[in-house]
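In: when you get a sec, could you give me coordinates for this:
(chains A and B)
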2 protein chains.
Amino acid sequence: MTERLYLYDTTLRDGQQTQGVQFSTREKIQIAEALDALGVDHIEGGWPGANPTDSEFFETRPETRATLTAFGMTKRAGRSAENDEVLAAVLNAGTPSVCIVGKTHDFHVTTALGITLDENLVNIRDSIAHIVAQGREALFDAEHFFDGWKANPDYALEAIRAAHEAGARWIVLCDTNGGSMPEEIAHITRAVIAAGISGDHLGIHCHDDTGQAVAGSLAAVEAGARQIQGTLNGLGERCGNANLTTLIPTLLLKEPYASKLETGVSFDALKGLRRASRLLDDILNRVPSKQAPYVGASAFAHKAGLHASAIAKDPSTYEHVDPAVVGNSRIVPMSNQAGQSNLRERLMRAGIEVEKGDPALARILDRIKEQESRGYSYDTAQASFELLALDELGRLPDFFEVKRYRVTVERRRNKRGKMVSLSEAVVVVKIGGEKVLSVSESAGPDGSDRGPVNALSRALGKDLGPYQSIIDDVHLVDFKVRITDGGTDAVTRVIIDSEDGQGNRWSTVGVSANIVDASFDALVESIRWKLVRDGAEPVARV
Amino acid sequence: MTERLYLYDTTLRDGQQTQGVQFSTREKIQIAEALDALGVDHIEGGWPGANPTDSEFFETRPETRATLTAFGMTKRAGRSAENDEVLAAVLNAGTPSVCIVGKTHDFHVTTALGITLDENLVNIRDSIAHIVAQGREALFDAEHFFDGWKANPDYALEAIRAAHEAGARWIVLCDTNGGSMPEEIAHITRAVIAAGISGDHLGIHCHDDTGQAVAGSLAAVEAGARQIQGTLNGLGERCGNANLTTLIPTLLLKEPYASKLETGVSFDALKGLRRASRLLDDILNRVPSKQAPYVGASAFAHKAGLHASAIAKDPSTYEHVDPAVVGNSRIVPMSNQAGQSNLRERLMRAGIEVEKGDPALARILDRIKEQESRGYSYDTAQASFELLALDELGRLPDFFEVKRYRVTVERRRNKRGKMVSLSEAVVVVKIGGEKVLSVSESAGPDGSDRGPVNALSRALGKDLGPYQSIIDDVHLVDFKVRITDGGTDAVTRVIIDSEDGQGNRWSTVGVSANIVDASFDALVESIRWKLVRDGAEPVARV
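Out: Presented below is the predicted three-dimensional model:
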């Protein structure tokens, strides 16, 4: 017999309280889709009314299997729940579920809110009752619950009882300041259950201020709580929230959880965990944490010689789970024999067949290593990886040669006295002995200036002679820039995502101290890859 | 009555097994000094004989208060401890303390080593006895102990008993694969103590593969273990080791540890924790983790408006410890979630006094909100934030006006047939009615091309007329690019860090669909801020 454990994601709300994080509405929708595919039960989308993008997100009404939830706070003292416009804005988002935060620590009631303890209880009770009366599912985030319990257990309990009795489906015990030890969390959760609120109405919300948000969440679950609130990649205020990317595989794969509890995440969805984690990093343009449990690039990397040789005999010697179950893969040192078999496998998946023992494999590994030391990264730039391999294998056709390019960006006052920018690029290529010059201005969909990379992309795609029909529908869909290390100097790494008319999408990489140079190289690789993919016939040199 | 808890650092050994980490001897010495200043008890310096820098580090014989420890493994089967040259190399390092790893999981003895269970016991016993006979302190790292216990508790216990009886000062229970839950670790540690090995001879060594290395270490301590092995910043194989940077403040500041246990770390040394953490990041040229517990830049950053206003009343409302005790500080970032009180406090800290209720406060907040919806971010770009506020307050002098600029990037073949890039910028400004034209090529320290932003920065800083002496020593030290959303379109956000001759450092932001435009705006703001800061006298318009 398994019990249901519910997962409540707050990446879009508490996660957005991470320093430097501000999602756009489009990004919120992307993240919500990824969370939904993973199988979380609730998606907290933000605080409607508190900022424009949160309101806009709810207006788009994304369709999710997960219960979309709006966040807000209990009504203020001195007015009714019906007349509190902050609460009204939250309810107006029209979500099936509403989560409101309220005080349970007496010190906060008197210090931060400056109201009486009784007034606070009324605020909690009336707010929850109002949400329930509107036919919504109500959740109560019991702020500072563990600190509150330690200071005044009677009042803390009274506060969550008020929410419970008013009809809250979930009472979420929050370790808001993140300072509680897992053992305390377990102890206090057990005491709450003993006081009469059953575990299947209790959630846990931990922060990572002592590096124990995951352990604290699991401790509450062991004590009987049946909902976990957390975020993808542990995003969140200060040190972040409990990391669902870490918690989910632990709950599905490790005892005592795996055989006792059931979540909405299937083993099939679990295989997409690494991808979901990377999507969020991509959106935030963050370098993914290599050491992240389960999904990090180093999570199954075996550097110690003793480890690597034992892994070759049996991976379970130094791996607590199989990397494939979370969509991750094993990394063993390049020099190791396993490095080559990994490479062959990756090439095979790209449709590039190489014989076992082909000396080109070692050359490809060496060149990747050298390129990576210069700042390149082939983790996501699959198309550039394939071009590199094809080149070493002698299978890359010589489609065209770039002779030179020039790009100019100018800002000046136009005739009407308004400051305007203009970018113009000239690209010169040689195709089978013939020189082709193209010039183009940068222009977005509305004709406005989009900068030098756009101008280069348009010039490059304007006239490629006999190849033109193949690349006509190629367009740049994303552009990522990262300052990184190339040897001893800082260099710029540009990753460009391209798409064609059939919806194929591919990524290429360029590296240089000059951002325009790096971008241009990635653009050229994008075109080359498309020509390879569509089997373009190289024009013979004259 | 407090009990002594010992801290054993393995940053230089297990930490070096992090993917991509290879310390030089000089770096090892620097780290050892920082660890010693912190007050750890043991510093494990490496595996003498296993690689050249490890051997060289021990040859330098750094003077530390902490016990310098050499790492190795038990002797191989089929030879005596005296005749095992791997063990001999470890002992030859001449350290007062030697830690050797050995198998305690039956599966590993037969699968990875391929020897009998009895042979393994002999290897452990003889190796430890040999170390003790040489007058050294001996530690035994019981590899895979928890997995071993779960598979065959009798054998696991027999293995550590062999080490204990042979005279090992510490038996370190290792969760080598990092897959054990804290609760299991506590349970098994208690069982070992019950079987007769007392807690003051037991250490714990955890890995972070389920994000619980800190919690697992604390669970073992609660069960009675009295040594913790870990690393600075959680460096280590795969997901890393238990993070001492997180564990140390928890042990000193939080119950039940603070009043029950004593370590070698003083409260005075604790104030250097953040610095020690940054030193390691500097050596590794890593971007410090903002969300790191206690020491991260965001660990005491309060973004939510409700949090920020409560913090102003009493910091303990949203801080579990005082940031100063670990050498960290509070940050109240500006964002669209913040209120007027938050804003006034931030302005005050920047030396900008504004009366409570000044209508400019609302205007500043509105403008920030509007700018953020266009893609700007003022969380880190403090200088741009100050300029915006000064402008709204009518306190920003009109130093100069940018009339136009033009930048050209060109790649072509030079006379020797080599492809070279060249970037050139022209900037035209008007200072007090006088037009100043400047032109500059891009050039790095070695004269090589660094791209259009570098060229613009050099042209802008070349001749600013009467202000030139103030901006002469300003230089660009960092440049961050992010593609983000500005309204409905993707735009580029550029953050530029500048520095002057006195070591002042400031950040400015620019946003545009054109990356060069965004960069130029951030460069201009950087210059303006420096002029404000140094109290430059604006030139009167003629």
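In: can you tell me which residue is spatially central in chain A?
Out: With distances taken as C-alpha atoms, centre = their mean, A:L280 lies nearest the centre of chain A, 1.2 Å away.
In: how much space separates that one from B:H187?
Out: 35 Å (C-beta to C-beta, to the nearest Å). (Each C-beta comes from the backbone N, C-alpha and C, glycine too.)
In: for the residue of the stretch 151-300 of chain A found nearest chain B, which non-adjacent residue is spatially closest?
Out: Closest contact between the stretch 151-300 of chain A and chain B, by C-beta to the nearest C-beta, is at A:G179 (2.7 Å). Nearest residue to A:G179, sequence neighbours excluded (C-beta to C-beta, 6 or more residues apart in numbering or on different chains): B:H320, at 2.7 Å.
In: can you pull the pLDDT of the one you found?
Out: The model reports B:H320 with a pLDDT of 95.
In: buried set for stretch A:492-506?
Out: For stretch A:492-506, a neighbour-count test (16 or more other C-beta atoms under 10 Å in any protein chain shown) marks A:T492, A:R493, A:V494, A:I495, A:I496, A:D497, A:S498, A:E499, A:D500, A:W506 as buried.
In: can you report how many residues neighbour A:Y378?
Out: 18 (other C-beta atoms under 10 Å in any protein chain shown).
In: A:R13 and A:F71 touch, don't they?
Out: Yes - under the criterion of C-beta atoms under 8 Å, A:R13 makes contact with A:F71 at 4.9 Å.
In: need the residues touching each of those two.
Out: Common neighbours of A:R13 and A:F71, counting by C-beta atoms under 8 Å, 6 or more residues apart in numbering or on different chains, are A:E44, A:G45, A:G46, A:W47.
In: looking at the residues you listed, which one is closest to chain B?
Out: Using C-beta to the nearest C-beta, these come closest to chain B at A:W47, 8.5 Å.
In: can you pull the contacts of the closest residue to the closest one other than its chain neighbours?
Out: Leaving out its chain neighbours, the residue that sits closest to A:W47 by C-beta to C-beta, 6+ apart is A:F71, at 4.9 Å. A:F71 is in contact with A:T10, A:R13, A:E44, A:G45, A:G46, A:W47, A:V90, A:V98, A:C99, A:I100, A:V101, counting by C-beta under 8 Å, 6+ apart.
In: could you check how far A:F71 is from B:S512?
Out: On the measure of C-beta to C-beta, A:F71 and B:S512 end up 33 Å apart.
In: and the lengthiest helix in chain A, how far from the chain's centre?
Out: Looking across chain A with DSSP state H, the single longest helix is helix A:515-533. With C-alpha atoms, centre = their mean, to the nearest Å as the basis, helix A:515-533 stands 26 Å off its chain's centre.
In: okay, the angle between it and helix B:515-533?
Out: 160 degrees (axes from the mean of the first three to the mean of the last three C-alpha atoms, to 10 degrees).
In: let me see the mean pLDDT of helix A:515-533.
Out: Here the average pLDDT along helix A:515-533 is 96.
In: buried sites along that helix?
Out: Buried, per 16+ other C-beta under 10 Å, within helix A:515-533: A:515-532.
In: quick one, domains of chain A?
Out: By the assignment in automatic domain parsing, chain A contains the domains A:3-265, A:305-380, A:401-533.
In: I'd like the average pLDDT over the first one.
Out: Domain A:3-265 shows a mean pLDDT of 96 in the predicted model.
In: same thing with stretch A:477-492?
Out: 74.
In: which bits of the stretch 401-542 of chain A sit near chain B?
Out: Taking C-beta under 8 Å from any C-beta of the partner chain as the criterion, the neighbours of chain B within the stretch 401-542 of chain A are A:403-413, A:421, A:423, A:442, A:444, A:448-453, A:478-483, A:485, A:489, A:492, A:512-517, A:520.
In: in helices only, show me these.
Out: A:P452, A:V453, A:I515, A:V516, A:D517, A:F520.
In: what's around the nearest residue to A:F140 once chain neighbours are set aside, how many residues?
Out: Residue nearest to A:F140 in three dimensions, not counting chain neighbours: A:A163, with 3.7 Å by C-beta to C-beta, 6+ apart. Neighbour count of A:A163, defined by other C-beta under 10 Å: 29.
In: using the three-state scheme, assign the residue nearest to A:W47.
Out: Of the three states, A:F71 takes strand under DSSP: H, G, I helix; E, B strand; the rest coil.
In: ok, it to A:D9 distance?
Out: From A:F71 to A:D9 the distance is 12 Å (C-beta to C-beta).
In: now do the shared contacts for those two.
Out: A:E44.
In: contacting residues around A:G230?
Out: A:L7, A:Y8, A:D9, A:T10, A:C206, A:A213, A:S217, A:N241, A:A242, A:N243, A:L244, A:L247.
In: mind putting those into TSV with secondary structure and neighbour count?
Out: Shown next, in TSV, are the contacts of A:G230 (DSSP: H, G, I helix; E, B strand; the rest coil; neighbours: other C-beta atoms under 10 Å in any protein chain shown):
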residue	secondary structure	neighbour count
A:L7	strand	24
A:Y8	strand	25
A:D9	strand	28
A:T10	coil	28
A:C206	coil	33
A:A213	helix	32
A:S217	helix	30
A:N241	strand	30
A:A242	coil	30
A:N243	strand	26
A:L244	helix	31
A:L247	helix	27
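In: out of those, which touch chain B?
Out: Restricting the contacts of A:G230 to contacts with chain B (C-beta under 8 Å from any C-beta) yields A:N243.
In: isn't the residue of the stretch 151-300 of chain A closest to chain B right up against A:K150?
Out: No - A:G179 lies out of contact with A:K150 (C-beta under 8 Å); the separation is 10.2 Å.
In: compare neighbour counts for those two and give me the winner.
Out: A:G179 (19 against 15).
In: the closest residue to A:Q212 other than its chain neighbours and B:E255, how far apart?
Out: Closest residue to A:Q212 apart from its sequence neighbours, by C-beta to C-beta, 6+ apart: B:A215 at 4.7 Å. With distances taken as C-beta to C-beta, B:A215 is found 16 Å from B:E255.
In: okay, whichever residue of the stretch 251-400 of chain A sits closest to chain B and B:A215: tell me how far apart.
Out: Residue nearest to chain B within the stretch 251-400 of chain A: A:H320 (2.7 Å; C-beta to the nearest C-beta). Distance of A:H320 to B:A215, given as C-beta to C-beta: 16 Å.
In: number of residues surrounding A:D84?
Out: A:D84: 23 surrounding residues under other C-beta under 10 Å.
In: rewinding a little: secondary structure element for the residue nearest to A:Q212?
Out: helix B:213-223 (DSSP states H and E).
In: other SSEs contacting that helix?
Out: For helix B:213-223, the packing partners by 3 or more C-beta pairs under 8 Å, 6 or more residues apart in numbering or on different chains; DSSP states H and E come out as helix A:182-194, helix A:213-223, helix B:182-194, strand B:202-205, strand B:227-230, helix B:244-253.
In: mind listing what's buried along it?
Out: Quick answer for helix B:213-223 (16+ other C-beta under 10 Å): B:A213, B:V214, B:A215, B:G216, B:S217, B:L218, B:A219, B:A220, B:V221, B:E222, B:A223.
In: can you check stretch A:255-267 too?
Out: Result for stretch A:255-267 [16+ other C-beta under 10 Å]: buried residues A:Y257, A:T263, A:G264, A:V265.
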